[in-house]
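Engineer: Compute the structure for the input listed below.
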Amino acid sequence: MAFFGLFSKEKKETLDKGLEKTKQNFFSRIARSIVGKSRVDEDVLDNLEEILITSDVGVETTLKIIERIEARVARDKVLGTSELNRVLKEEITSLLAENNTQNPTNDVLPPSNGFPHVIMVVGVNGVGKTTTIGKLANHFKESGKKVVLGAADTFRAAAVDQLIIWSERVGVPIVQQGMGADPASVAFDALSSAKAQNADVVIIDTAGRLHNKVNLMNELSKIRRVMDKVIPEAPHEVLLVLDGSTGQNAFEQAKQFSIATDITALAITKLDGTAKGGVVIGISDQMKIPVKYIGVGEKMNDLQLFHREEFVESLFSE
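Structural biologist: Predicted coordinates for the structure are as follows:
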């Protein structure tokens, strides 16, 4: 299956299509910036800096990239504008490789000492959190895993209802107590149920309100303490879901959630509907948290494992 296996032709085509808006915005502007120029000079680098920043790569990451290109210009003396895309591609790939962004070739769950693998999912409303959970559940199930969902986002009735719909659509059991229930209690029951069913993975949805960071921190900390009592060292993974179309706002959300809880991986959604795909590069560089999944379409299999080389290759493909 493409999601868990090697990078297939179908998956590459989906990625290329999903990044189309970002590519069109990015490269049309680079092409215009070098019209009439034969070599990379200060004007070209100034224009490139502006393009990267306005493509939501972020100021700090952009400056790193520009400094690297400046160093190559100084070393090579003359760098032709025809080579700019290749050099930019190489430096972005190198930057991602230096950060904590692993290249998973599959999504095999690590052993959890005989217990279910616990994934706690966090993120604000509207980023595609529930949809991401549903797609993850589907992929794990299709790979032969037994999955249980936990509806611990009890702040909104819609959140519980949406997760119930996804559980029915995918065909996996869900543990829920309705709106207003204690999220930690739901998590406790979900993990207990998963243990009883000898499940392989349990995915816990949580509320994502950021208007009061102290309450959010306390709530997430309580959920984690309760889960650890049921399954040692749970959650094994804390996945933050971000909406890529919000650009730098996604980066701000990542910073706030990293304060509230220990994030171990990122899922960046809705990249197919935006020209702000550069945010993947900036968030990876600044947060030093691995981007594990990217959403490049609405279909069930359009949530992909993030491969930095394939991502950059697609970004720079014609």
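Engineer: Doesn't I263 lie inside a helix?
Structural biologist: No: according to DSSP: H, G, I helix; E, B strand; the rest coil, the state of I263 is coil, so it is not within a helix.
Engineer: isn't it right next to V122, touching?
Structural biologist: Yes: between I263 and V122 there is a contact under C-beta atoms under 8 Å: 7.5 Å. For the C-beta atoms, the positions are set from N, CA and C on the backbone; glycine is no exception.
Engineer: Surely G128 and D272 touch.
Structural biologist: No: if you go by C-beta under 8 Å, G128 and D272 don't touch, sitting 11.4 Å apart.
Engineer: Touching both of these two, which residues are there?
Structural biologist: G295 (C-beta atoms under 8 Å, 6 or more residues apart in numbering).
Engineer: Now do the shared contacts for I263 and V122.
Structural biologist: Listed as contacting both I263 and V122 by C-beta under 8 Å, 6+ apart are V238, L239, L240, F257.
Engineer: which of those residues sit farthest apart?
Structural biologist: For these, with distances taken as C-beta to C-beta, the pair at the greatest spread is L239 and F257 (10.6 Å).
Engineer: of the two, who's got more company?
Structural biologist: F257 (27 against 23; other C-beta atoms under 10 Å).
Engineer: just to revisit the earlier point, what residues do L239 and F257 have in common as contacts?
Structural biologist: Here L239 and F257 share the contacting residues V122, I263, scored by C-beta under 8 Å, 6+ apart.
Engineer: on that earlier part again, tell me the one of the shared contacts of I263 and V122 nearest V160?
Structural biologist: Closest to V160, out of all of the shared contacts of I263 and V122 and judged by C-beta to C-beta, is L239, at 19.1 Å.
Engineer: Kindly state the pLDDT recorded for E313?
Structural biologist: Looking at E313, its pLDDT reads 89.
Engineer: and for the regular element (helix or strand) spanning it, what are the contacting residues?
Structural biologist: Using DSSP states H and E, E313 sits in helix 308-315. Identification of contacts with helix 308-315 by C-beta under 8 Å, 6+ apart yields 7, 12, 15-16, 19, 22-23, 26, 89, 92-93, 96-97, 101, 103, 277, 280, 284, 294.
Engineer: ok, now stretch 22-36?
Structural biologist: Applying C-beta under 8 Å, 6+ apart, the contact partners of stretch 22-36 are 44, 47-48, 51, 55, 81, 84-85, 88, 271, 274-278, 314-317.
Engineer: Kindly report the same for stretch 230-238.
Structural biologist: For stretch 230-238, contacts defined as C-beta under 8 Å, 6+ apart pick out 110, 112-113, 115-120, 122, 188, 191-192, 195, 204, 224, 227-228, 261-265.
Engineer: Mind giving me the PyMOL command for buried ones among the residues you listed?
Structural biologist: Provided next is the PyMOL selection string for whichever of the contacts of stretch 230-238 are buried by 16 or more other C-beta atoms under 10 Å:
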select buried, resi 112+115+116+117+118+119+120+122+188+191+195+204+224+227+261+263+264+265
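Engineer: which residues of this protein score low on pLDDT?
Structural biologist: Within the chain, the segments meeting pLDDT under 70 span 1-7, 77-78, 99-112, 210-213, 318.
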